[in-house]
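A.B. asks: Task: produce atomic coordinates for the following.
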Amino acid sequence: MKNKFKAVAYWGSRKESIEQCTERLTRFMTQIGRLSPHLRDWHEDSRLIEKTPERLRRLLEEGRNRDETPQRRILANLGFRIFFLWAGDHPDGDIAIMTVHCGAYGEYCSVNNAILRSLPESWLDVDLAVELMRVMVTCWSPAHAAVCSPDALAAVGGQAEIPVVDWVFYHRLQRTGELSPPSRVAFELDGGECIVVQDSPIRPESPEDRARVLALSRQLGLIRGRS
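C.D. replies: Got it, this is the predicted structure:
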């Protein structure tokens, strides 16, 4: 079975207009397309998506939430969504899936996020993972972001407040102490830092890999004690 990864960015309540969200999405899709040919061409069903502001704005508009009244009024505080775009070798090969939720705000809003799912390990190396983080931070200004396994993301529940400590991740927390090699800071940007835990993906079955994740989690105040 092939290993699959996610590239995720999460942030909390942030009221943004359709124009602001369109600008962020346009930059995001353009910049990830420059990182890898696998991430260059995105499709909705079988249709190639033009990465123009006009086309991407329509996609965001189509994903607005509406109430159940006959008028189907827009629920502005729930923001804009893109539910499913894909890139890769569909239907027979590997594909990645993109979902976006932006512009949601207020006490009862759900978390805003930008997510690339089902990224094959063969598409990734540590340098590309770092650059994906840089693009996500630059385009979305998230509270945290990561290139991580689905299990690592599930363990923290996809929240705006709690970063995912896995292979390569970005956070804005106060960190105590220096990093122990091979862990290192890849870049500092937008009030946070991107950390490479190690050059290869985290393997849950490896005691050394788990120990590095635990050590970093302690340095970020996410867990207490030595166990």
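A.B. asks: use CA for all of it now, contacts and neighbours both
C.D. replies: Fine.
A.B. asks: which SSE is the closest residue in space to residue 221 that isn't next to it in sequence in?
C.D. replies: Closest residue to residue 221 in three dimensions, ignoring its sequence neighbours and counting by CA to CA, 6 or more residues apart in numbering: residue 175, at 7.6 Å. Residue 175 belongs to no helix or strand when assigned by DSSP states H and E.
A.B. asks: pLDDT value on residue 175, please?
C.D. replies: Per-residue confidence (pLDDT) for residue 175: 94.
A.B. asks: Residue 92 too?
C.D. replies: Among the per-residue scores, residue 92 holds a pLDDT of 58.
A.B. asks: that older thread, count the neighbours of the residue nearest to residue 221 for me.
C.D. replies: Residues lying near residue 175 (other CA atoms under 10 Å) number 15.
A.B. asks: go on, residue 198?
C.D. replies: Applying other CA under 10 Å, we find 18 residues neighbouring residue 198.
A.B. asks: Could I get the contacting residues of the residue nearest to residue 221?
C.D. replies: Neighbouring residues of residue 175 by CA atoms under 8 Å, 6 or more residues apart in numbering: 219, 220, 221.
A.B. asks: Can you flag the buried ones in those?
C.D. replies: The neighbour-count test (16 or more other CA atoms under 10 Å) marks 219, 220 as buried among those.
A.B. asks: least trustworthy position among the contacts of residue 175, going by pLDDT?
C.D. replies: Among the contacts of residue 175, residue 221 carries the lowest pLDDT, at 92.
A.B. asks: mind checking how far residue 119 is from residue 5?
C.D. replies: 5 Å (CA to CA, to the nearest Å).
A.B. asks: ugh, wrong one, I meant residue 131
C.D. replies: 15 Å.
A.B. asks: more neighbours, the two?
C.D. replies: The residue with more neighbours, out of residue 131 and residue 5, is residue 5; 25 against 16, by other CA under 10 Å.
A.B. asks: which SSE is the more buried one in?
C.D. replies: strand 4-11.
A.B. asks: cool, and residue 59?
C.D. replies: helix 53-62.
A.B. asks: now that helix, how far from the centre of its chain.
C.D. replies: How far helix 53-62 lies from its chain's middle: 20 Å, per CA atoms, centre = their mean, to the nearest Å.
A.B. asks: hey, where'd the strands end up in the protein?
C.D. replies: Remark: strands assigned in the chain by DSSP state E are 4-11, 43-44, 47-48, 80-88, 95-102, 112-120, 144-148, 168-171, 184-189, 192-196.
A.B. asks: Other residues contacting the fourth one?
C.D. replies: So that's strand 80-88. For strand 80-88, the surrounding residues in contact (CA under 8 Å, 6+ apart) are 18, 38-45, 59-65, 94-104.
A.B. asks: Are any of those buried, and if so which?
C.D. replies: 18, 38-43, 59-61, 64-65, 94-104.
A.B. asks: Which residue is the nearest non-sequential neighbour of the residue positioned nearest the centre of the chain?
C.D. replies: Central residue of the chain (CA atoms, centre = their mean): residue 8, 1.6 Å from the mean position. Here the nearest residue to residue 8 in space, its sequence neighbours aside, is residue 115; by CA to CA, 6+ apart that works out to 4.5 Å.
A.B. asks: number of nearby residues for the one you found?
C.D. replies: Neighbours around residue 115, by other CA under 10 Å: 20.
A.B. asks: could you give the angle of the lengthiest helix in the chain to helix 53-62?
C.D. replies: Looking across the chain with DSSP state H, the single longest helix is helix 18-35. Orientation check (axes from the mean of the first three to the mean of the last three CA atoms, to 10 degrees): helix 18-35 against helix 53-62 gives 120 degrees.
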